[in-house]
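>>> based on what follows, work out the 3D shape:
(one chain, ligands or ions: 1)
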Amino acid sequence: MSKPKKNKIFVLALDGTPFSFLQKMIASGKMPHLAQLAKKGDFRRMESVVPPVSSVAWASFLTGKKPQQHGILSFTERNPATMDWYTPDAKQLKCKTLPEILSERGKRVFIMNVPATYPPKKINGVSICGFLGNDLLKGTYPAGEGKILQKKGYRIDADTSLAKSDFPAFLQDLKSVLEKRIEIMWHYFNQEKWDFFMAHIMETDRLHHFTWEFMATGNAHFVELYDRFYGRLDKLIGEIIKKIDDNTALMLLSDHGFTTLKKEVYLNNWLWQNNYLRFTKPIPQSLHDIHPESKAYALYPGRIFINLKGREKNGRVEQGGEYELLRTEIKNRLLELREPGAHERIINKVFLWEDLYGRAPLDFADKHSFSDYADLIAIAQEGNDLKGVLWNKDLFAKTVFNGMHTFDDAFVLLNGGVFSKENLAIPDLAPDILKIVQ
Ligand SMILES: [Zn+2]
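Sure thing, here's the model as predicted:
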């Protein structure tokens with residue numbers, strides 16, 4: 001008998017779960033359902049995007065495009081004309097998303113908690129916003145769902161501020177947000193008709209940011225915590241396997257990997273120490289407090305903007321020769337950055353924007369994209385987190401965060417479909433999903 005053809009898909013997203021970590025969990029028998037799925041399906045390491053930030057990577061998943069094509073380039077942006085900060089969200093997306101494309105094809109869609117889905121798009125189905133959406137009442141399509149969800153005690157995210165003040169309360173909050181998310185997911189699973197069903201778990205990323213180092217260095221208490229947390233997710237995977245029908249493919253994926261955060265590196269402090277950046281106040285609060293004589297400033301993560309005449313509000317660096325010389329100088333000096341007395345470099349690579357995004361005529365014609373591109377994009381050696389905070393009294397610090405994102409250790413697992421590429425990156429998945437949901 002031939003296998004039934006898959007024409008629907010269930011996607012479970014585990015934010016920031018590394019391929020290498022899941023391999024270990026499988027090998028040690030701690031995630032039996034995942035192991036069963038990995039054996040039957042195609043389980044692979046996958047690349048994220050640069051920078052490997054959740055909103056940028058999930059926008060690439062949703063659109064099947066690279067960041068310079070879909071328009072969300074990082075977590076924070078500035079409008080160079082006003083020097084106001086803003087956080088890019090679904091309004092910035094320049095391409096259609098999977099739920100929109102499938103809706104246009106008459107398919108039914110359910111999507112829940114995926115970053116970069118706020119504000120929600122009009123689709124043939126239900127959309128519940130994820131990270132970057134901070135108002136559930138405005139975060140759903142149809143609009144009325146938000147109120148119902150709020151009444152049921154559903155939340156977009158756990159309270160991460162608790163991690164700094166009361167760690168046991170933070171863990172408790174993570175668990176209750178996760179349990180409620182799973183409960184609501186099954187509610188829609190049972191109630192909705194769908195061809196594409198996607199649920200996103202953010203709690204993995206939240207756990208990792210505050211505890212990864214403890215787990216990775218073998219602290220028994222935290223190893224056990226991860227075993228329990230991922231054991232709960234494995235149980236969920238088992239339930240999904242049991243409940244989906246023979247026509248449904250199953251995809252699991254993450255958007256980036258994770259590693260131990262060795263130290264935070266405050267690039268604006270480095271620019272200030274090296275006389276590229278000055279402020280009009282002793283402790284600057286916003287980009288408005290940058291002195292007009294400044295030559296450069298940084299935004300998270302590792303994105304350096306030249307204070308360019310004709311682009312930035314108080315731009316002073318001339319376009320052309322002065323701009324190119326300054327870029328080269330900052331690039332070369334950053335590559336030599338080390339902690340005092342240390343041999344190892346902090347920065348692994350520095351891209352010029354055209355190295356990363358390409359000088360495609362389309363990009364140039366689109367003035368908006370061009371002005372959003374950082375002039376230099378620094379990539380740190382693993383474990384160094386390049387912060388964008390405007391003011392920090394020290395260049396290096398270690399805070400409550402002890403895990404950080406990585407580019408090359410995301411994962412994807414597909415059961416009931418085929419990948420069209422050998423080496424996968426997160427923008428490659430949408431076309432394969434569109435081939436399944438016919
Ligand atoms: Zn994260």
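>>> from here on, just use CA atoms for contacts and neighbour counts.
OK.
>>> how about the helices in the stretch 51-200 of the chain?
Ranges of helices within the stretch 51-200 of the chain are 54-63, 67-70, 98-104, 145-151, 162-165, 167-191, based on DSSP state H, counting those that start in this stretch.
>>> so which of the ones you listed comes closest to residue 281?
helix 162-165 (28.4 Å; C-alpha to C-alpha).
>>> show me what the closest one is packed against.
helix 167-191 (3 or more C-alpha pairs under 8 Å, 6 or more residues apart in numbering; DSSP states H and E).
>>> hmm, 10 Å instead?
helix 167-191, helix 203-216 (3 or more C-alpha pairs under 10 Å, 6 or more residues apart in numbering; DSSP states H and E).
>>> which one of those helices lies closest to residue 65?
helix 203-216 (22.9 Å).
>>> and the helix or strand following that closest one, which residues are buried?
Downstream of helix 203-216, the first helix or strand assigned by DSSP states H and E is helix 220-243. Counting neighbours by 16 or more other C-alpha atoms under 10 Å, one finds that the buried residues in helix 220-243 are 222-223, 225-227, 230-234, 236-238, 240-241.
>>> and for stretch 150-163?
Across stretch 150-163, burial judged by 16+ other C-alpha under 10 Å covers 154, 155, 156, 157, 158, 160, 163.
>>> show me the domain layout of this structure.
8-261+405-436, 263-397 (automatic domain parsing).
>>> which of these has the lowest mean pLDDT?
Mean pLDDT values for those show the minimum at domain 263-397, a mean of 92.
>>> quick one: it to chain centroid distance?
On the basis of C-alpha atoms, centre = their mean, to the nearest Å, domain 263-397 sits 21 Å off its chain's mean C-alpha point.
>>> measure it end to end?
Using C-alpha to C-alpha, to the nearest Å, the end-to-end distance of domain 263-397 comes to 6 Å.
>>> my guess is residue 50 meets residue 255, correct?
No - counting by C-alpha atoms under 10 Å, residue 50 does not reach residue 255; the two are 11.4 Å apart.
>>> shared neighbours of the two, anything?
56, 57, 406, 407 (C-alpha atoms under 10 Å, 6 or more residues apart in numbering).
>>> from these, keep the buried residues only.
Applying 16+ other C-alpha under 10 Å to those flags 56, 57, 406, 407 as buried.
>>> quick check, the third one in contact with residue 301.
No - under the contact definition of C-alpha under 10 Å, residue 406 does not touch residue 301, with a separation of 12.0 Å.
>>> now the common contact residues for the two.
Joint contacts of residue 406 and residue 301 (C-alpha under 10 Å, 6+ apart) are 50, 51, 52, 53.
>>> mind listing the strands for the stretch 1-150 of the chain?
8-14, 42-46, 77-79, 84-86, 109-114, 125-129, 140-141 (DSSP state E, counting those that start in this stretch).
>>> and residue 203, which of those is closest to it?
strand 8-14 (8.2 Å).
>>> identify the residues contacting the residue nearest in space to the middle of the chain.
Per C-alpha atoms, centre = their mean, the C-alpha nearest to the average position across the chain is that of residue 54, at 0.9 Å. Going by C-alpha under 10 Å, 6+ apart, residue 54 touches 15-16, 48, 60, 74-75, 114-116, 131-132, 202, 205, 254-256, 405.
>>> residues in contact with stretch 224-235?
Contacts for stretch 224-235 (C-alpha under 10 Å, 6+ apart): 14, 22, 25, 30-35, 171, 175, 178-179, 182, 201, 203-204, 207-208, 211-212, 215, 218-223, 236-241.
>>> quick check: buried residues in the helix or strand that residue 330 is a member of?
Per DSSP H and E: residue 330 is located in helix 321-335. Residues of helix 321-335 classed as buried by neighbour count (16+ other C-alpha under 10 Å): 323, 326, 327, 330, 331, 334, 335.
>>> from these, which is closest to residue 88?
residue 327 (25.5 Å).
>>> give me every residue that touches the closest one.
By C-alpha under 10 Å, 6+ apart, the contact set of residue 327 is 296, 304, 305, 306, 321, 352, 375, 376.
>>> recalculate using a threshold of 8 Å.
Shown in contact with residue 327 (C-alpha atoms under 8 Å, 6 or more residues apart in numbering): 306, 352, 375, 376.
>>> from what I can see the last one touches residue 355, true?
No - in this structure, residue 376 sits apart from residue 355 without contact. The criterion is C-alpha atoms under 8 Å, and the distance is 9.4 Å.
>>> more neighbours: which of these two?
Neighbour totals were compared for residue 376 and residue 355, and residue 376 leads with 23 against 11 (other C-alpha atoms under 10 Å).
>>> how about the contacts made by the more buried one?
Per C-alpha under 8 Å, 6+ apart, neighbours of residue 376: 303, 304, 305, 327, 331, 350, 351, 352, 353.
>>> that one and residue 224: what is the separation?
In terms of C-alpha to C-alpha, residue 376 sits 41 Å off from residue 224.
>>> equivalent analysis for residue 324, please.
Residue 324 is 52 Å from residue 224, by C-alpha to C-alpha.
>>> circling back: quick one: which of the contacts of residue 376 is most hemmed in?
Among the contacts of residue 376, the one with the most neighbours (other C-alpha under 10 Å) is residue 304, at 27 neighbours.
>>> so that one touches residue 296, yeah?
Yes - taking contacts as C-alpha under 8 Å, residue 304 lies within contact range of residue 296: 6.8 Å.
>>> does residue 74 touch residue 55 like I think?
Yes - using C-alpha under 8 Å, residue 74 makes contact with residue 55 at a distance of 7.3 Å.
>>> follow-up on the earlier one: neighbour count for residue 50 and residue 255, which is higher?
The neighbour count for residue 50 versus residue 255, taken as other C-alpha under 10 Å, is higher for residue 255 (34 against 19).
>>> wasn't the more buried one part of a helix?
No - counting by DSSP: H, G, I helix; E, B strand; the rest coil, residue 255 is located in no helix; its state is coil.
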